[in-house]
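Q: 3D model of this:
(one chain, ligands or ions: 1)
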Amino acid sequence: MLTPITGRSVIVTGASKGIGKGIAKIFCQNGGKVLVVSRNLTEAEACAAELRRNGGTARGYAADVTSIRDMQMLADTAASAHGGIDILCANAGIFPQAKIEDLSAEDWDHVMATNLKGTFLAIKACLPHLKKSDQGRVVLTSSITGPITGFPGWSHYGATKAGQLGFMRTACIELAKYGITINAILPGNILTGGLMALGPEYERSTAASIPLKKLGTVEDIGFAALFLASKEAAYITGQTIVVDGGQTLPESVDALAQA
Ligand code: NAP
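A: Presented below is the predicted three-dimensional model:
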């Protein structure tokens with residue numbers, strides 16, 4: 001059993017819905033004081049209100065991870081509202097699909113700014129506060145797409161998700177002297193509103209390609225994040241955990257069919 005994170009100050013970016021909301025829920029259930037961040041204040045506050053109704057300690061906050069000013073104000077707000085920052089879950093991300101022939105330079109920059117630069121900016125802004133924590137933790141939401149797999153239309157997205165891991169491997173060395181760990185979760189296909197918007201056929205064919213024959217839940221990612229943020233994970237840094245139901249393992253369609 002993990003030591004509860006009672007009273008720990010947690011920031012989850014991109015937490016108004018999807019995986020971030022699942023992470024916020026699991027951290028609230030385990031005693032964290034969670035700042036729920038998204039650009040849309042109404043949605044962030046609605047999520048925080050739902051978490052409070054279920055017994056958690058949570059507040060909504062509007063900020064754009066592409067803005068260093070927003071990230072600095074976010075860090076200061078979390079520190080004054082919750083007495084510091086112990087855990088940063090850099091989760092906000094977007095995944096618009098466009099094949100290379102149709103992908104514009106602007107679309108490329110937007111995805112880079114949100115997923116990759118946004119990760120850096122959130123960490124940079126929170127670092128002065130994380131340094132003061134006796135158990136500083138950074139948990140990144142990367143993806144199997146990019147670090148392990150590819151999917152047509154997601155070259156730019158995959159580049160950001162692989163880029164997060166390249167960033168992490170130097171960050172873990174720089175942050176170690178402050179006792180801060182940084183690790184990444186690589187989700188497979190997780191059932192979120194964004195993924196459902198890709199349509200039932202995407203969901204059906206994806207489930208068929210997964211050894212566990214189902215998509216993951218946002219709570220599956222929340223539990224992995226909770227472990228990486230726990231006291232018990234103190235000696236793990238610069239590492240990745242794949243949470244994908246075994247999706248990346250079959251060598252071929254036949255490998256699944258023969259099981
Ligand atoms: P989602 O349901 O679309 O939620 C995205 C969240 O990020 C929302 O709260 C959104 O709120 C916020 N957001 C987007 N741009 C932002 C910005 N510039 N600044 C602050 N917040 C921003 O997405 P998801 O599927 O949960 O994905 C979350 C993370 O998991 C992403 O990093 C994604 O790459 C990763 N992931 C997802 C899957 C999957 O199967 N769903 C698989 C692998 C990895 P606002 O729009 O109001 O800002």
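Q: any weak-confidence spans in the stretch 1-150 of the chain?
A: Scanning the stretch 1-150 of the chain for pLDDT under 70 picks out no residues.
Q: can you list the residues of it near the ligand?
A: 13-20, 38-40, 43, 64-66, 91-95, 114, 118, 141, 143 (C-beta under 6 Å from any ligand atom). Glycine gets a C-beta too; all of them are placed from N, C-alpha and C.
Q: Narrow the residues you listed to those in strands?
A: 13, 38, 141 (DSSP state E).
Q: Show residues contacting the top helix by length along the chain.
A: When the chain is scanned for its longest helix (criterion: DSSP state H), the result is helix 155-176. For helix 155-176, the surrounding residues in contact (C-beta atoms under 8 Å, 6 or more residues apart in numbering) are 93-96, 98-100, 103, 107-108, 111-112, 114-116, 119-120, 123, 127, 130, 136, 138, 140, 142-143, 145-147, 149-151, 181-184, 186, 237-238, 240.
Q: quick one: strands adjacent to the helix or strand just after that helix?
A: Once the chain leaves helix 155-176, the next helix or strand it forms, by DSSP states H and E, is strand 181-187. Sheet pairing for strand 181-187, assigned by DSSP bridges, gives strand 137-141 (parallel), strand 240-243 (parallel).
Q: what's the last one in contact with?
A: Right, the one you point to is strand 240-243. 142, 144, 147-148, 165, 183-188, 216, 220-221, 224, 227-228, 248.
Q: how close does the residue in the stretch 51-200 of the chain positioned nearest to the ligand get to residue 24?
A: In the stretch 51-200 of the chain, the residue that lies nearest the ligand is residue 93 (2.2 Å; C-beta to the nearest ligand atom). Here residue 93 is placed at a distance of 15 Å from residue 24 (C-beta to C-beta, to the nearest Å).
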